[in-house]
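Engineer: everything below, folded, please.
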Amino acid sequence: MLRLGALYRYPLKSGKGEALQQVGLDKLGLDGDRRWMLVDEASGRFLTQRAVAQMSQLSALWNAEGGLTLKAPGHPTIDIALPASDAELRGVTIWRDTLRVPDAGDAAAAWVSEFIGKPTRLVQIPLERARTTEAGYGKDDDQVAFADGFPLLLIGQASLEDLSQKVGRPMEMLRFRPNLVIEGSEAFAEDGWKRIRIGEVEFRVVKSCSRCILTTIDPQTGERSADREPFATLQQYRANANGAMFGQNLVNDGNGRLEVGMPVTVLE
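Structural biologist: Numbers count the residues shown, from 1 in each chain. Below you'll find the predicted structure:
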């Protein structure tokens, strides 16, 4: 029997993940997931652990009002309110997308600039300013917040165990930043799924996830592995023309709630 083994949310793109017992869903995936992002103040370009490894130590907790609490070693905790409807809009770039989104204000900017070490702004994305998902996958009206390409990422627990065995040491699931972890399936069974149901919500499996060097960052310490694992092993046995694949991108059809332990049904 398949079940939902774990739930993770990342309120700030490339910040620390938070484990959840239950969570709601809206059109952009898990409530509060990757609705906030750091950008370079001068260029508006998004910042992630790929270039700023210390972001792995930045804890960002989402609250029910949509605001954010930021914590980091050696820095005071700061609570940031959801930008007002008339907040200043800032032009930002995330991958190939350019858009204008609310800026969180100067106090938030001062805090994140001190943490990052250069002028940085914190921005938030409301539903009405969401991006469309990657062309050629899913439906034309599928939307995403600040996640790379799609609202949700799923990984099978058995897939991680298979990878850990090949690497030769346990790999942490949070290296791969999934939202949903499925237990009870065979390793990489998710590669063959097209639609699943968890509780009352159906999900479309739209695209395999190509991994990058970010997987070599230890989520606990923020340090990169000297042997480039697990990325090196993924490149050896999970590579195709699109990269080293691990996990599946999903789109949820409709809102609802998820809770750890729920049964998972593969529909096709």
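
Engineer: so which strand or helix has the residue nearest to A87 when sequence neighbours are not counted?
Structural biologist: Counting by Cβ to Cβ, 6 or more residues apart in numbering, A87 lies nearest to P102, which is 4.1 Å off, once chain neighbours are set aside. (Glycine included, C-beta is placed from N, CA and C.) Counting by DSSP states H and E, the element that carries P102 is strand 97-102.

Engineer: partners of that strand in the sheet?
Structural biologist: Strand 97-102 pairs in its sheet with strand 89-94 (antiparallel), by DSSP bridges.

Engineer: now the partner strand: mean pLDDT?
Structural biologist: Per-residue pLDDT over strand 89-94 has a mean of 98.

Engineer: how about that strand: buried residues?
Structural biologist: 90, 92, 94 (16 or more other Cβ atoms under 10 Å).

Engineer: cool, and stretch 226-245?
Structural biologist: 229-231, 233-234, 238, 244-245.

Engineer: ok, the residue nearest to A87 - contacts?
Structural biologist: By Cβ atoms under 8 Å, 6 or more residues apart in numbering, the contact list for P102 reads 83-84, 87-90, 123-126.

Engineer: if I look at it, how far off is D86?
Structural biologist: Distance, P102 to D86, by Cβ to Cβ, to the nearest Å: 9 Å.

Engineer: quick check: closest non-adjacent residue to A244.
Structural biologist: Per Cβ to Cβ, 6+ apart, closest to A244 is L234, 3.9 Å.

Engineer: could you point out which element follows the host helix or strand of the one you found?
Structural biologist: Assigned by DSSP H and E, L234 belongs to helix 231-237. Using DSSP H and E, the helix or strand that follows helix 231-237 in sequence is strand 239-240.
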